[in-house]
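[1] return a 3D structure for these sequence lines:
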Amino acid sequence: MKDKTFISQIVKIRNISFVKILQMTLVSLFPFLLLTTITLTISESIFTEGGFINSLFSVYRWFPAYPTISRMLLNFTTILGGLAGPMTTYFAAKYTAGYYERSTGTAGITAFLFSLLFHSRGLFGGLLTDGNFMQMSLPVNINLVVAILIGYAIGQIFRFSNPLDDQIVDSHFVYRPKTLLPIGISMFLAVGLNFLVDLVWRSDLLSDLGSFLQANVLKTGSSVGVWINSFFRSISVWIGNSNPFNEGQLSTDAQGLENLQTALANQTSKGIPYLFSETNLYDAYGAVAGVGGMFALLIAILLVSNSTKNKSISMRSIFPALFHHVVPFMVGIPVVFNVLYLLPVLFIPMVNMVLAAVLLGTGLVPPSVYPIPNGTPSILRAFVGSVGSLRALLASLLIFTVDVLIWIYFVKRDNRIGQGITRYDQKEETGEQEK
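    Next comes the predicted model:
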């Protein structure tokens, strides 16, 4: 009965225009994000001085043209990742305009230019000379849903304009200059929003807000702040924010740094002042299957999913996902804004930290206090951070197995719901044919 109710709600939701456009946009982004994360994984783990595989095999010593390839991969990843936002607005505007039978190409490129103008940090700065393109601030960390909303809004501008306004040429190949109206409105909005963002940056409002949150929300105690931070990371990735996918750095965890200094001074990790620091509790064990347990979901899909499409996406995404980069996987399934997967995304890291707290508190596993190389697989972070403790590795494997088992339940439920939706669609098609 619950599944039937859920199926009826899904059928209603998926017929909403924005949901259709959201799904089409995410599917279109998948290959670009997959290419970006594959090159990022190679760059981070192999062609970075402190990379995981580079540290193991000293790749920099014997690989030809190592510095050149390292710079190229880093720049390629930065450029392609930075363009993820403009590409998202492009696809969203294109599909929105197409949904309302407007010019898809014009709407898409307008949204792309909107995104470039919006992110420009030189528009209200010094005079730009010929060949000196305006300085762009295109962060690799993007919020997919915000970018989709921008593209959707631009598509709506084209929707509510005169149908002839976005028609470049008519059936007789006669040029129609009326195309300027929706483009002009979009560019005007881009410049206006850029001006507002420029004012905010100059006022230091965002930095003050960030400092306030760090001081009063995320650092409320030795362990409470870790749990709050975990919740915000999980809900953030579920709404399409890629920032939490970045690996936690020991240098940003004050308690983790104090633990490291104590361990180095005493030449042992026993007796550290903060047993439940973010580095030791969340980074090492809470995210052992990635943020929100995404790598465990990938394995669960490969094991029990009935969806050929989901299994194909999982297989393609397995390499970057193993190294903590699961954005293409989340977009391809999709997990973003998937109500069925919200609860496990939120609570799997919590379950992991509860298990880890018990193991750490009873002394069954040593704390993870030492620096971890960039690009270290999530499941090995506790092992590496504890300087090769087999107990930490076994604990990670145990927790990862629990995550997979939790996800298997939800994937099986997804199978049942998928079958129910298929039967519903077949009934609808049969009814239409009878009419």
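
[2] can you give the domain ranges for the protein?
    Domain assignment of the chain by automatic domain parsing yields the ranges 17-125+132-202, 222-428.

[3] out of these, indicate the one that is most buried.
    domain 222-428 (a mean of 20; mean count of other C-beta atoms under 10 Å). Yep, even glycine has a C-beta here, placed from its N, CA and C like the rest.

[4] any idea of the mean pLDDT for that domain?
    Taken as a whole, domain 222-428 has a mean pLDDT of 87.

[5] who does the one helix or strand residue 42 maps to touch, helix- and strand-wise?
    Here residue 42, judged by DSSP states H and E, is contained in helix 17-45. Contact partners of helix 17-45 among helices and strands, from 3 or more C-beta pairs under 8 Å, 6 or more residues apart in numbering; DSSP states H and E: helix 2-14, helix 52-57, helix 66-82, helix 84-99, helix 144-159, helix 308-322, helix 327-332.

[6] pick out the shakiest of the ones you listed, pLDDT-wise.
    Looking at these, the weakest mean confidence is helix 2-14, a mean of 72.

[7] show me what it is packed up against.
    helix 17-45, helix 390-434.

[8] now do 6 Å
    helix 390-434 (3 or more C-beta pairs under 6 Å, 6 or more residues apart in numbering; DSSP states H and E).

[9] please state the offset of the helix it packs on from the chain centre?
    In terms of C-alpha atoms, centre = their mean, to the nearest Å, the centre of helix 390-434 is found 21 Å from the chain centre.

[10] and that helix, what does it pack onto?
    Helix 390-434 packs on helix 2-14, helix 294-304, helix 342-361, helix 381-385, going by 3+ C-beta pairs under 6 Å, 6+ apart.

[11] contacts for stretch 377-395 next, please.
    The contact list for stretch 377-395 (C-beta atoms under 6 Å, 6 or more residues apart in numbering) reads 284-285, 287-288, 290, 322-324, 359, 365-366, 368, 370, 372, 376, 396, 400.

[12] take these and keep only those in helices.
    Mapping those onto helices (DSSP state H) picks out 322, 359, 396, 400.

[13] the third one against residue 287, yeah?
    This points to residue 396. No - Residue 396 is not in contact with residue 287 according to C-beta atoms under 6 Å; the separation is 10.7 Å.

[14] of the domains of the chain, give the one that comes closest to residue 5.
    domain 222-428 (10.6 Å; C-beta to C-beta).

[15] redo the helices and strands packed on helix 390-434 as CSV? Include distance to residue 194.
    Listed next are those as CSV, based on distance: least, C-beta to C-beta, whole Å:
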stretch, distance to residue 194
helix 2-14, 34
helix 294-304, 34
helix 342-361, 33
helix 381-385, 39
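
[16] who wins for proximity to residue 427 among these?
    helix 2-14 (11.0 Å).

[17] what's in contact with the closest one?
    19, 416, 417, 420, 421.

[18] quick revisit: ok, of the ones in helices among the contacts of stretch 377-395, which one's closest to residue 329?
    residue 322 (10.8 Å).

[19] in contact with that closest one, which residues?
    Contact analysis of residue 322 by C-beta under 6 Å, 6+ apart lists residue 377.

[20] gap between it and residue 384?
    Residue 322 sits 14 Å away from residue 384, going by C-beta to C-beta, to the nearest Å.

[21] now the domains of the chain in JSON lines, with distance to residue 6?
    JSON lines is the format used below for the domains of the chain (distance: least, C-beta to C-beta, whole Å):
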{"stretch": "domain 17-125+132-202", "distance to residue 6": "15"}
{"stretch": "domain 222-428", "distance to residue 6": "6"}
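
[22] what's the distance between stretch 197-205 and the middle of its chain?
    Relative to the centre of its chain, stretch 197-205 is centred 26 Å away, using C-alpha atoms, centre = their mean.

[23] could you export it as PDB, CA atoms only?
    Only the C-alpha atoms of stretch 197-205 are listed here, as PDB (Å, rounded to 0.1, in the frame of the first residue of the first chain):
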ATOM      1  CA  VAL A 197      27.100  40.000  -6.400                       C
ATOM      2  CA  ASP A 198      29.900  42.500  -6.800                       C
ATOM      3  CA  LEU A 199      28.400  44.600  -4.000                       C
ATOM      4  CA  VAL A 200      28.100  41.600  -1.700                       C
ATOM      5  CA  TRP A 201      31.800  40.600  -2.400                       C
ATOM      6  CA  ARG A 202      33.000  44.100  -1.600                       C
ATOM      7  CA  SER A 203      31.000  44.200   1.600                       C
ATOM      8  CA  ASP A 204      32.600  41.000   3.000                       C
ATOM      9  CA  LEU A 205      29.100  39.900   3.900                       C
END
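
[24] quick one on the thing from earlier: which pair in the ones in helices among the contacts of stretch 377-395 spans the largest distance?
    For those, with distances taken as C-beta to C-beta, the pair at the greatest spread is 322 and 359 (23.4 Å).

[25] stretch 267-287: end-to-end distance?
    Stretch 267-287 has an end-to-end distance of 27 Å (C-alpha to C-alpha, to the nearest Å).

[26] same check, this time on stretch 56-63
    14 Å.

[27] do you have the helices of the stretch 151-300 of the chain handy? List them.
    Using DSSP state H, counting those that start in this stretch, the helices of the stretch 151-300 of the chain run over residues 180-203, 205-216, 224-238, 254-266, 294-304.

[28] closest one to residue 29 among the ones you listed?
    Nearest of those (C-beta to C-beta): helix 224-238, 15.2 Å.

[29] helices or strands next to that closest one in the packing?
    helix 342-361.

[30] what angle sits between the helix it packs on and helix 390-434?
    For helix 342-361 against helix 390-434, the angle by axes from the mean of the first three to the mean of the last three C-alpha atoms, to 10 degrees is 170 degrees.

[31] now helix 342-361, how far from the chain's geometric center?
    21 Å.

[32] helices or strands up against that helix?
    helix 224-238, helix 390-434.

[33] tabulate the ones you listed (JSON lines), appending distance to residue 75.
    Below are those laid out as JSON lines (distance: least, C-beta to C-beta, whole Å):
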{"stretch": "helix 224-238", "distance to residue 75": "26"}
{"stretch": "helix 390-434", "distance to residue 75": "34"}
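
[34] and of those helices, who's closest to residue 267?
    Of these, nearest to residue 267 by C-beta to C-beta is helix 390-434, at 18.2 Å.

[35] got the angle for that closest one vs helix 294-304?
    Helix 390-434 runs at 60 degrees relative to helix 294-304, counting by the same axes, to 10 degrees.

[36] quick one, helix 390-434 and helix 2-14 angle?
    Using the same axes, to 10 degrees: helix 390-434 against helix 2-14 is 70 degrees.

[37] what sits against residue 86?
    112, 115.
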